[in-house]
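Q: pasting the structure only:
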């Protein structure tokens, strides 16, 4: 099935690109039933984003444009698009999975809050790296600092090195999924797609290395 999908912060009421709506709310705007909207989405007439939990989300501006008879504008590899896609991966269902992992319960509330802040910043840095915005060395340096703080917090929480790595990989996944979706949806040329993945992997690998090194230092 060939769907035209888009990004969606799960519970964010307002974004620069407009509100993200459930299929029920989207149907109310369009005045159609859910089966009709699903069919239009599957035909590529209306962009839709599927969350990791399988729920459909629609951008209100896309719906208004459809009602006006406007075609969907082609997106570019912008920081806002990729950031929104990445943040959308951290929806309630995905975060609930994290809470079921043994390593999650090791963190206290203050540590979880700090990790959340660091994670959002890491997403922004990864997006800026992929989009070619900013000094790459500076972005990498800040990414490593975040990685070192990840490692220190995990050591303070009593996590083993394997658990610290598992936690990092778990929260890295939505970033990778977001870039993958964007490349697939926008038909990014293969050479450019390879370059994007190479840059993203190199950046996140360096952050992971810094995480492991800081954990080892704190554990000594």
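A: Structure received. Just so we're clear, the structure is a prediction, and the values are computed from it rather than from any experiment.
Q: Which other helices and strands does the biggest helix by length in the chain contact?
A: Looking across the chain with DSSP state H, the single longest helix is helix 190-219. Here helix 190-219 touches helix 109-131, helix 136-156, helix 161-185, going by 3 or more Cβ pairs under 8 Å, 6 or more residues apart in numbering; DSSP states H and E. All C-beta atoms are positioned from the backbone trio N, CA, C, and that covers glycine.
Q: what comes up buried for it?
A: With burial defined by 16 or more other Cβ atoms under 10 Å, the residues of helix 190-219 counted as buried are 193, 196, 199-200, 203-204, 207-208, 210-212, 214-215.
Q: coming back round to it: for residue 55, find the nearest of the helices and strands packed on helix 190-219.
A: Nearest of these to residue 55, taken as Cβ to Cβ: helix 161-185 at 14.7 Å.
Q: tell me the angle of the closest one relative to helix 136-156?
A: Angle of helix 161-185 versus helix 136-156, following axes from the mean of the first three to the mean of the last three Cα atoms, to 10 degrees, is 140 degrees.
Q: Show me which positions of helix 161-185 end up buried.
A: By neighbour count on 16+ other Cβ under 10 Å, the buried set for helix 161-185 is 163-165, 167-168, 171-172, 174-179, 181-183, 185.
Q: Quick one: distance of that helix to the chain centre.
A: Remark: helix 161-185 is offset 8 Å from the chain centroid, using Cα atoms, centre = their mean, to the nearest Å.
Q: What angle do helix 109-131 and that helix make with each other?
A: On the basis of the same axes, to 10 degrees, helix 161-185 is oriented at 40 degrees to helix 109-131.
Q: Determine the set of other helices and strands touching helix 161-185.
A: Applying 3+ Cβ pairs under 8 Å, 6+ apart, we find helix 161-185 packed against helix 79-88, helix 92-99, helix 109-131, helix 136-156, helix 190-219.
Q: one step back: I'd like the average pLDDT over the longest helix of the chain.
A: For helix 190-219, the mean pLDDT works out to 91.
Q: Same question for stretch 104-121.
A: pLDDT averaged over stretch 104-121 gives 88.
Q: Check which residues of that stretch are buried.
A: Neighbour counts over stretch 104-121 (16+ other Cβ under 10 Å) mark 104, 106, 107, 115, 118, 119 as buried.
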